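Visitor: give the three-dimensional model of this entry:
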Amino acid sequence: MNFSQIVMVPGLLSTGEVYRPTIDALGSDVFVAETRLDDTIEAMARRLLDEASGRFLLCGHSMGGYVALEVLRLATERVAGLALIATSARADMPEQTSVRRRLVAMAQERGIEAAAQMLEGKLFGPRTGSEALRRLNLAMAREIGAGVFARQQAAIIGRRDQRAMLETLAVPTVVLAGTADAIIPPQRSQEMAAAIPGAELVTLEGIGHMVPLEAPRETAAAVARLQARISADRRG
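Guide: Presented below is the predicted three-dimensional model:
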C-alpha cells in the first residue's frame, strides 16, 4: 500500500475510543490524532502533520473531518486516501455558533456532564442509542472535560469554509453519512461527495451522528474499500 498508517481524527468531545470498533475490525496500524491541545482547526491539523508518519490514509469524524480537510489544504501530498464521516465542508453558521457558546457556558457553570447530556439526544439514531453507547459517550466527555470542550468549540467556530477546495482534491475519498444525523444533516455529506472527484458516498439508513459507534462494521468496510482502492490506483 502506498501509505504507512491510518490516521483517525476524533470529533468534538470524543477520544480515540470512538474509533475502537473500526480499529479492531481493520487490524491495521492506526494513529489517533491529538485534538485536545489546540484551539484552532489549523493548529490541530499542523500537529497531526508533525506527529503522523509519512503518507497516510486519513479518517475524520465530525470535527475530525474539519481537521482532515485542513490537512488536505496544508499538505495534500501527505494524504493517500480520505474518509469523511458525518462531517461538513462549510463554515459555522451564526445560529450554530450561538448554540456552541451556550453549551460551553453550561459546561463551565454546571460541568461537562450537563453539556454532554444536552447533546446526547441528538447524537444517536432512533434505534442505535443503546445504554452502552450512551455510557461510552458520557465517559469520553468526562475524559475530555470542560476546558478542552471550550477549546474545541472555539476551533469549530473559527474553522474555514472548505467547499471551494473540494473539487481540487485528487485522493481516493469515501464520505459516510447517517440518514438520522441530527447534528450535521446528511445533505452536507451529499454536497461533499458530489464536489469531490470520484468520491464514494455511503448512506447509512437510521444511523445518527456517531457513525463509527453506531455502524462500526459499515465504517470499517468503507475504510477497507478505500484501502483497496488506494492499492489498485497504485498498481494502475
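Visitor: residues of stretch 86-94 that come out buried?
Guide: The neighbour-count check on stretch 86-94 (16 or more other CB atoms under 10 Å) flags Ala86, Thr87, Ser88, Ala89, Arg90, Ala91, Asp92 as buried. For glycine as for every other residue, the C-beta is placed from the backbone atoms N, C-alpha and C.
Visitor: distance to Ser28 and secondary structure added to those, as a markdown table?
Guide: Formatted as a markdown table, these follow (distance: CB to CB, whole Å; DSSP: H, G, I helix; E, B strand; the rest coil):
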| residue | distance to Ser28 | secondary structure |
| --- | --- | --- |
| Ala86 | 21 | coil |
| Thr87 | 21 | coil |
| Ser88 | 26 | coil |
| Ala89 | 26 | coil |
| Arg90 | 30 | coil |
| Ala91 | 32 | coil |
| Asp92 | 33 | coil |
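Visitor: just flag the most distant two among these.
Guide: Farthest pair in the buried residues of stretch 86-94 (CB to CB) is Ala86 and Ala91. Separation: 17.3 Å.
Visitor: returning to that earlier point: wait, which of the buried residues of stretch 86-94 is closest to Ala139?
Guide: Nearest to Ala139 among the buried residues of stretch 86-94, counting by CB to CB, is Ala86 at 19.9 Å.
Visitor: who's the closest spatial neighbour of the closest one, skipping the chain neighbours?
Guide: Leaving aside its chain neighbours, Ala86 sits nearest to Val211 (4.8 Å; criterion: CB to CB, 6 or more residues apart in numbering).
Visitor: contact partners for that neighbour?
Guide: Applying CB atoms under 8 Å, 6 or more residues apart in numbering to Val211 gives the contacts His61, Ile85, Ala86, Leu176, Ala177, Gly178, Asp181, Leu204, Glu218, Thr219.
Visitor: so which of the residues you listed are in helices?
Guide: In this view, those that belong to helices under DSSP state H are Glu218, Thr219.
Visitor: can you tell me which of the contacts of Val211 has the most neighbours?
Guide: Among these, the one with the most neighbours (other CB atoms under 10 Å) is Ile85, at 33 neighbours.
Visitor: Gly60 - how many residues pack around it?
Guide: Residues contacting Gly60 under the criterion other CB under 10 Å number 29.
Visitor: tell me which element the residue lying closest to it once chain neighbours are set aside is part of?
Guide: In space, and not counting its chain neighbours, Gly60 is closest to Ala68: 3.2 Å by CB to CB, 6+ apart. Element membership for Ala68 (DSSP states H and E) is helix 63-75.
Visitor: which parts of that helix are buried?
Guide: Met63, Gly64, Gly65, Tyr66, Val67, Ala68, Leu69, Glu70, Val71, Leu72, Arg73.
Visitor: same thing with stretch 117-133?
Guide: Those would be Gln117, Leu119, Glu120, Leu123, Phe124, Gly125, Thr128, Gly129, Leu133, for stretch 117-133 by 16+ other CB under 10 Å.
Visitor: flag whichever of those residues scores worst on pLDDT.
Guide: Among these, Gly129 carries the lowest pLDDT, at 70.
Visitor: can you tell me the centre-most residue of the chain?
Guide: His61 (1.3 Å; CA atoms, centre = their mean).
Visitor: residues contacting that one?
Guide: Applying CB under 8 Å, 6+ apart to His61 gives the contacts Met8, Val9, Pro10, Gly11, Ser14, Val18, Tyr19, Ile85, Ala86, Thr87, Val211, Pro212.
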